[in-house]
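Enquirer: take a look and give me a structure for this.
(one chain, ligands or ions: 1)
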Amino acid sequence: MPQNTPLIEVTGLRKSYSGRTVVDGVSFSVEEGEIFGILGPNGAGKTTTVECVSGLRVPDSGTVRVAGLDPVADHEQTSRLLGAQLQESELQPKILVREALELYASFYPNPADWRPLAERLGLNDKLTTRFAKLSGGQKQRLSIALALIGNPRVVVLDELTTGLDPRARRATWKLIEDVRRQGVTVLLVTHFMEEAQRLCDRIAVIDKGRVAALDSPSGLIGRSAGSTVISFTPSRPLDPADLAALPEVATVEHRGEQLTITGTDVTVNAVVTLLAQHRITAHQLRVTDATLDDAFLDLTEERESTATDTAGKAA
Ligand SMILES: Nc1ncnc2c1ncn2[C@@H]1O[C@H](COP(=O)(O)OP(=O)(O)OP(=O)(O)O)[C@@H](O)[C@H]1O
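Expert: Okay, the predicted model is just below:
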């Protein structure tokens with residue numbers, strides 16, 4: 001990854017609506033060529049954040065720079081290098097798909113050829129269809145095409161695959177991977193963990209307007225308390241306290257004869273060694289890795305329980 005100045009730099013971004021703070025000191029930077037994910041629960045402030053990056057909203061405070069430009073003050077220059085597919089972007093209902101592609105291409109000095117773009121997004125047989133007659137998924141694909149038509153250096157994709165069926169979603173992931181291979185930097189807002197895990201180099205988890213964590217997908221998963229889950233039935237009774245005493249073990253639960261242990265990837269070895277010392281065989285042994293879903297829940301729940309604890313102590 002290039003070690004130059006980040007292409008996108010967001011520092012201490014704050015934004016309120018009617019006195020309610022929805023983005024509360026968000027900072028992150030995105031390197032050129034990265035796919036950077038923004039993940040978070042509903043209402044966390046993700047869209048507001050990327051709208052500030054795209055110059056569509058004016059921050060209350062903090063700074064946003066895209067290739068050194070201020071997206072609000074230098075809006076025209078920024079919009080030449082940044083393409084945005086934003087949530088619920090609407091076009092004139094009567095515009096034909098082909099007209100929309102031609103119109104958007106005309107806004108840029110060096111647009112992409114819209115024909116192969118339309119083909120890659122499966123829009124070729126819809127070129128003479130009016131926008132209002134497109135399905136939700138087709139509208140979504142058109143808005144992705146419009147975000148890419150200016151051959152942008154950065155593309156901002158908000159809820160990129162919401163409303164797409166699984167096949168179209170996977171085709172869109174391939175397209176994003178292709179776009180990145182061509183050197184385009186991608187800022188991606190998503191609710192889909194599988195999407196974030198597959199596509200993103202790094203992810204900022206945003207919760208209640210703040211960055212709760214910023215790491216690679218595997219780094220986030222590694223932070224999860226139970227990133228590895230081991231379950232088995234011991235060949236003879238084993239005191240769960242012996243397992244819980246291992247420093248590599250996070251939690252131990254037993255249901256009937258079956259034991260379930262959480263920990264990290266080093267836990268498996270520690271548990272197997274303990275079993276060997278006790279001459280116990282593990283029947284129906286299963287080891288599963290946590291997913292980004294688990295990490296996401298852990299990270300956002302942690303903040304909720306911290307908030308509850310604090311509230312409890314204050315009361
Ligand atoms: N124009 C607006 N005026 C008033 N409140 C707004 C406006 N836009 C967003 N909000 C509120 O700000 C909060 C953050 O919204 P935002 O869309 O940034 O969150 P989000 O993380 O993208 O949510 P989602 O995942 O549901 O799209 C929400 O409570 C939302 O209702």
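Enquirer: where does pLDDT dip in the stretch 1-150 of the chain?
Expert: Filtered on pLDDT under 70, the stretch 1-150 of the chain yields the residue ranges 1-4, 86-89.
Enquirer: in it, which spans are strands?
Expert: Remark: strands assigned in the stretch 1-150 of the chain by DSSP state E, counting those that start in this stretch are 8-17, 20-30, 35-39, 61-66, 82-85.
Enquirer: comparing these, which comes out most buried?
Expert: strand 35-39 (a mean of 26; mean count of other Cβ atoms under 10 Å). Heads up, the C-betas are built off the backbone N, CA and C, glycines and all.
Enquirer: T228 and G263 touch, don't they?
Expert: Yes: here T228 reaches G263: they are 5.6 Å apart, a contact under Cβ atoms under 8 Å.
Enquirer: can I get the strands of the stretch 1-150 of the chain in JSON lines with distance to K139?
Expert: As requested, the strands of the stretch 1-150 of the chain are arranged in JSON lines below (distance: least, Cβ to Cβ, whole Å):
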{"stretch": "strand 8-17", "distance to K139": "26"}
{"stretch": "strand 20-30", "distance to K139": "26"}
{"stretch": "strand 35-39", "distance to K139": "22"}
{"stretch": "strand 61-66", "distance to K139": "26"}
{"stretch": "strand 82-85", "distance to K139": "11"}
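Enquirer: name the SS class of D242, please.
Expert: helix (DSSP: H, G, I helix; E, B strand; the rest coil).
Enquirer: from P234, how far out is the residue nearest to it when sequence neighbours are not counted?
Expert: Computed as Cβ to Cβ, 6 or more residues apart in numbering, the closest residue to D242 that is not its neighbour in sequence is L274, at 6.6 Å. For L274, the distance to P234 equals 10 Å [Cβ to Cβ, to the nearest Å].
Enquirer: do the same with R279
Expert: In terms of Cβ to Cβ, R279 sits 11 Å off from P234.
Enquirer: give me the more crowded residue out of the two.
Expert: Taking other Cβ atoms under 10 Å, R279 and P234 do not tie; P234 has more neighbours (18 against 8).
Enquirer: name the SS class of the nearest residue to the more buried one once chain neighbours are set aside, please.
Expert: Ranked by Cβ to Cβ, 6+ apart and with sequence neighbours excluded, the top spatial neighbour of P234 is I280, at 4.9 Å. The local conformation at I280, judged by three-state DSSP, is coil.
Enquirer: show me what contacts I280?
Expert: 234-236, 238 (Cβ atoms under 8 Å, 6 or more residues apart in numbering).
Enquirer: buried members of the residues you listed into PyMOL, please.
Expert: Entered in PyMOL, the line below selects the buried ones among the contacts of I280, by 16 or more other Cβ atoms under 10 Å:
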select buried, resi 234+238
